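Chemist: pasting a predicted model and its sequence here:
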Amino acid sequence: MFKRVLGDYDPYIFWLTLVVLAIAIIIGIIAPDQFAAALNTAQSFIVTNFSWFYMLVIAGAIGFIFWMFFSKYGSIKLGKDSDKPEYSNFAWFAMLFSCGIGVGFLFWGVAEPLYHFMQPPYLAAGDTPAAAPVGIMISVLHWGIHGWVVYAVIGMALAYSTYRLGNPLKFSSTLYPILGEKAEGPLGKIVDFLAVFATIAGISTTLGMGVISIKYGTTFLFGFTMTELYVIIALIILIAAYTISAITGLNRGIKKLSTLNMYLAFFVLAFIFIFGPTRFLLDLMSDSLGAYISNFVFMTFWTDAVNKDPWLGWWTIFYWAWWLAWGPFVGGFIARISKGRTIREFILGVLFAPLALTVVWFSFVGGATIHAQSTGLVDMWGAVSADVGSGIYTLLSAYPLGGIIAYVVFLNMLTFIVTSADSASFFVAMIISKGETEPKIGMRIIWGISLGLSAIILTLSGGLQALQTVSIVAALPFAVVMIAMAVAFVKNIMNDPSIKLDKAA
């Protein structure tokens, strides 16, 4: 009966994930403070003792991807030589961007550049003209190449293994050159389980972060404060929306919502650019891009070895761990939609296109925030310090028609949350369905509801931060998995028949 509804699936990963998730939720309800304290201790230990490791992993991933881009392997397709891309460039980028960043751009586009402008860790004193490009530069560091390179390595290895070699879309399948038949054994199942659980933890946290923005948005736009009942109702509506989107599949649900996301985001960006301090934003973007390029190597390897300011753990190391924790889900989903693209085209879309949009987004949105703060137009620092979810709404309140655009932002926030969650539930269903690229509807429904229920219970119990910390702690072993995937990918690609033919020619 199960197989008729759920399709062919891995019962070990299915039940292990459900049991572990249930245990985490129960502990989060019964003893949220103790659970969070234990996990925070583990996170603190990792950040304190493995900062150098995270830095080297990200730096190594960047070097690896750049090598692949400029090498002879760049022309190899992630699929058979005759395969064509399944989606247009815009639809493909819209889906990978909505999945890879989602609500984060709207949530942190105002707050993060402002934090680094007011309290920069290096190169400038806080709240000074010199700190403005530094604030944008650090935000681009955290949201640009260094983060997306994780998705690029994982997605490329998965897509190559699945579409060129014909393996199931599973993490364990990419490790055949290293593990051999053991990839189908307990070790391979542990790798796939970590991918599934990190996805659930990350998306539950994103739903919780979305609730913060929704709560402030409803107060700002509609004049009432959301109680726990309204939070539950809002999350149930979101669960229904993203589950329906996941059920309808990639072409009808996820693709269309992702495309809508991009149009809405571009509209908000254009509004801020036109009605904001346009010349200042263009000048600041140029300064910030120059600072980013000039300090790229310095920021990549900076560990503050002498002073050991907590800033590094709060921001950069946290981000590297966060991107690694999200790597399984986003990398897996990007692999699913990238069949037929060459390696070089894949890297352009997954690495450099998001970098370009990141530079523009943070320069315009973050730059407008810094300008509003430094000129006294509005107390952005006071608003964000009081409620980080207030950022974009407070900024828009300073512009003509900003109150109307705030409704667009609110809608964009909702659609970004839905597209991240539907992509995640689709991905979890794929992995548990033994790498099936079109998992059964029943499997998508189960994991769509499971993601939402965990977010509801943990949000209300106060255990959401604990689950977020689980995903950060899980990033350490997954960094090792990513390294293994890169090594296995190189072994595979060096034995690619098309490369041998090129050598013979």
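Modeler: Yep, it's here.

Chemist: so what touches stretch 382-389?
Modeler: 107, 110-111, 114-115, 212-213, 215-217, 390-391, 394 (CB atoms under 8 Å, 6 or more residues apart in numbering). The C-beta positions use only the backbone N, C-alpha and C, and glycine is treated the same way.

Chemist: what does stretch 74-92 rub up against?
Modeler: Residues outside stretch 74-92 that contact it (CB under 8 Å, 6+ apart) are 68, 95, 156, 159-160, 163-164, 255, 258-259, 262, 335, 337-344, 346-347, 349, 493, 496, 498-499.

Chemist: can I take it that residue 178 is in a helix?
Modeler: Yes. When DSSP: H, G, I helix; E, B strand; the rest coil is applied, residue 178 is found to be in a helix.

Chemist: how many neighbours does it have?
Modeler: 13 (other CB atoms under 10 Å).

Chemist: show me what contacts it?
Modeler: Contacts of residue 178 (CB under 8 Å, 6+ apart): 484, 487, 488, 491.

Chemist: count the neighbours of the third one for me.
Modeler: By the measure other CB under 10 Å, the count of residues near residue 488 is 21.

Chemist: average pLDDT across whichever strand or helix holds it?
Modeler: Assigned by DSSP states H and E, residue 488 belongs to helix 464-494. The average of the pLDDT scores along helix 464-494 is 80.

Chemist: next one: stretch 155-164
Modeler: Rounded mean pLDDT across stretch 155-164 is 94.

Chemist: also stretch 435-447?
Modeler: Mean pLDDT, stretch 435-447: 79.

Chemist: again, but for stretch 285-296
Modeler: Per-region confidence: stretch 285-296 scores 96 on mean pLDDT.

Chemist: what sits up against that stretch?
Modeler: For stretch 285-296, contacts defined as CB under 8 Å, 6+ apart pick out 123, 132-134, 136-137, 140-141, 144, 359-360, 362-364, 367.

Chemist: helix, strand, or coil at residue 305?
Modeler: Criterion first, three-state DSSP; result for residue 305: coil.

Chemist: got a list of what it touches?
Modeler: Per CB under 8 Å, 6+ apart, neighbours of residue 305: none.

Chemist: what of the one 4 residues further on?
Modeler: With contact set as CB under 8 Å, 6+ apart, residue 309 has these partners: residue 121.

Chemist: and if you look at residue 399?
Modeler: Applying CB under 8 Å, 6+ apart, we find residue 399 in contact with 271, 272, 275, 276, 405.

Chemist: quick check: closest non-adjacent residue to residue 380.
Modeler: residue 373 (4.3 Å; CB to CB, 6 or more residues apart in numbering).

Chemist: I figured the one you found hits residue 115, correct?
Modeler: No. Between residue 373 and residue 115 there is no contact, the gap being 11.1 Å when judged by CB atoms under 8 Å.

Chemist: can I have the buried ones of the contacts of stretch 74-92 as a PyMOL selection?
Modeler: Entered in PyMOL, the line below selects the buried ones among these, by 16 or more other CB atoms under 10 Å:
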select buried, resi 68+95+156+159+160+163+164+255+258+259+262+335+337+338+339+340+341+342+343+344+346+347+349+493
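
Chemist: now, which of the contacts of stretch 74-92 lie within helices?
Modeler: Using DSSP state H, the subset of the contacts of stretch 74-92 located in helices is 68, 95, 156, 159, 255, 258-259, 262, 335, 343-344, 346-347, 493, 498-499.

Chemist: below-threshold pLDDT in the stretch 151-300 of the chain: ranges please.
Modeler: Where the stretch 151-300 of the chain drops to pLDDT under 70, the residues are 202, 204-206, 208-209, 228, 242-243, 245-254.

Chemist: pLDDT wise, what is the spatially closest residue to residue 275 that is not a sequence neighbour at?
Modeler: Distances taken as CB to CB, 6+ apart put residue 399 closest to residue 275, at 4.7 Å, once the chain neighbours are dropped. As predicted, residue 399 sits at a pLDDT of 92.

Chemist: I figured residue 422 hits residue 448, correct?
Modeler: Yes. Taking contacts as CB under 8 Å, residue 422 lies within contact range of residue 448: 7.3 Å.

Chemist: helices of the stretch 351-500 of the chain, residue ranges please.
Modeler: 353-361, 367-375, 380-386, 391-396, 402-432, 441-461, 464-494, 497-504 (DSSP state H, counting those that start in this stretch).

Chemist: and the third one, how far out from the chain middle?
Modeler: Right, helix 380-386. 25 Å (CA atoms, centre = their mean, to the nearest Å).

Chemist: same check, this time on the fifth one
Modeler: On the basis of CA atoms, centre = their mean, helix 402-432 is displaced by 12 Å from the centre of the chain it belongs to.

Chemist: mean confidence for it?
Modeler: For helix 402-432, the per-residue pLDDT averages 81.

Chemist: so that helix versus helix 441-461, what angle?
Modeler: Between helix 402-432 and helix 441-461, the angle comes out at 120 degrees (axes from the mean of the first three to the mean of the last three CA atoms, to 10 degrees).

Chemist: name the residues of helix 402-432 that are buried.
Modeler: Residues of helix 402-432 classed as buried: 402, 405-406, 409-410, 412-432 (neighbour count, 16+ other CB under 10 Å).

Chemist: can I get the CA coordinates of stretch 118-134 in PDB?
Modeler: Only the C-alpha atoms of stretch 118-134 are listed here, as PDB (Å, rounded to 0.1, in the frame of the first residue of the first chain):
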ATOM      1  CA  MET A 118      27.600  50.900  11.900                       C
ATOM      2  CA  GLN A 119      30.000  48.200  13.300                       C
ATOM      3  CA  PRO A 120      32.500  47.200  10.600                       C
ATOM      4  CA  PRO A 121      35.200  44.600  11.700                       C
ATOM      5  CA  TYR A 122      38.000  46.000   9.600                       C
ATOM      6  CA  LEU A 123      39.100  48.700   7.100                       C
ATOM      7  CA  ALA A 124      37.000  51.600   8.500                       C
ATOM      8  CA  ALA A 125      35.500  53.100  11.700                       C
ATOM      9  CA  GLY A 126      31.700  52.700  12.200                       C
ATOM     10  CA  ASP A 127      29.200  55.300  10.900                       C
ATOM     11  CA  THR A 128      31.700  57.100   8.700                       C
ATOM     12  CA  PRO A 129      31.800  57.700   4.900                       C
ATOM     13  CA  ALA A 130      34.600  55.100   4.600                       C
ATOM     14  CA  ALA A 131      32.400  52.500   6.200                       C
ATOM     15  CA  ALA A 132      29.700  52.700   3.500                       C
ATOM     16  CA  PRO A 133      31.400  50.600   0.800                       C
ATOM     17  CA  VAL A 134      32.800  48.300   3.600                       C
END
